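>>> Structure of the sequence below:
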Amino acid sequence: MEPNQKKNFVFLMIVFVAALVIMYVFSLRLQLQEVRANQGNYEEQVKSLTSIQNTDALKINREFLKSFFTYQTTAERYKKIEPFMTDKGYKATHPSGTELPNSEESVQSSMVGLKPFEYQSSKTEAEFFNEFKLTTEFNNVAATETVIVKTSLIYVKEQGWKIDDVEFIGQLTGRK
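Model (predicted):
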């Protein structure tokens, strides 16, 4: 090979390698842009999942309160709430944390006007302060009051949101 041909060959090889490097850099840039675009999409999906869980917690909170405060008999009440509860939460609903009442007396209850106020401390824990009107009828004598009940929920894998604690905060007076 002549020196001119060697120079041209080396020059063409350098140009070829430079072209490969440039194509590789552009390919990496395209991949980086794609990853950034996907990152935004994934962040939105995570936000939507979080809001779904919030909605699920609110739904379980409402269903539990409806089941707990709207009943014909005490036995029915405790049977209806069990699917919404952890063991700890279920025990928290027992009067004074003891055994279930086994009374023959007529007790009925109903709840209306639920206003839940949510505080979510993490993605797996949520608390609600619930205000509502509660009408309780005991031996054919009815009384209605506005009460506040705090519910604490936890997210249990493969089961969803469960009530882990229930606390009667009090009743509102002087409101109509």
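>>> is residue 161 in a bridge, and if so with what?
residue 155 (DSSP bridges).
>>> how about it, what does it touch?
53, 56, 57, 59, 60, 61, 126, 153, 154, 155 (CB atoms under 8 Å, 6 or more residues apart in numbering). Just so you know, the C-beta spots here come from the backbone N, C-alpha and C atoms, and that holds for glycine as well.
>>> what's the answer for residue 62, then?
114, 116.
>>> mind checking the backbone torsions on residue 81?
Backbone torsions of residue 81, given as degrees, to the nearest 10, read phi -90, psi -20.
>>> And it, how far from residue 8?
Distance, residue 81 to residue 8, using CB to CB, to the nearest Å: 87 Å.
>>> Just the buried subset of the contacts of residue 161, please.
53, 57, 60, 61, 126, 153, 154, 155 (16 or more other CB atoms under 10 Å).
>>> Closest one to residue 116 out of the residues you listed, please.
Distance to residue 116 across these (CB to CB) is lowest for residue 61, with 5.8 Å.
>>> these two touch, right, that closest one and residue 117?
No. Residue 61 is beyond contact range of residue 117, at 10.5 Å (criterion: CB atoms under 8 Å).
>>> Quick one: the buried ones among the contacts of residue 161 as TSV, columns for distance to residue 39 and secondary structure too.
Putting the buried ones among the contacts of residue 161 into TSV (distance: CB to CB, whole Å; DSSP: H, G, I helix; E, B strand; the rest coil) gives the following:
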residue	distance to residue 39	secondary structure
53	21	helix
57	27	helix
60	32	helix
61	33	helix
126	27	strand
153	31	strand
154	30	strand
155	25	strand
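>>> Identify, from those residues, the entry nearest to residue 76.
residue 60 (19.3 Å).
>>> follow-up on the earlier one: which residues are common contacts for residue 61 and residue 117?
Joint contacts of residue 61 and residue 117 (CB under 8 Å, 6+ apart) are 128, 130.
>>> hang on, the earlier thing: between residue 81 and residue 8, which is the more surrounded one?
residue 81 (22 against 12; other CB atoms under 10 Å).
>>> quick one: that one and residue 70, what's the gap?
Residue 81 sits 11 Å away from residue 70, going by CB to CB.
>>> show me what contacts residue 152?
So residue 152 contacts 89, 125, 126, 127, 163, 164, 165, 166, 167 (CB under 8 Å, 6+ apart).
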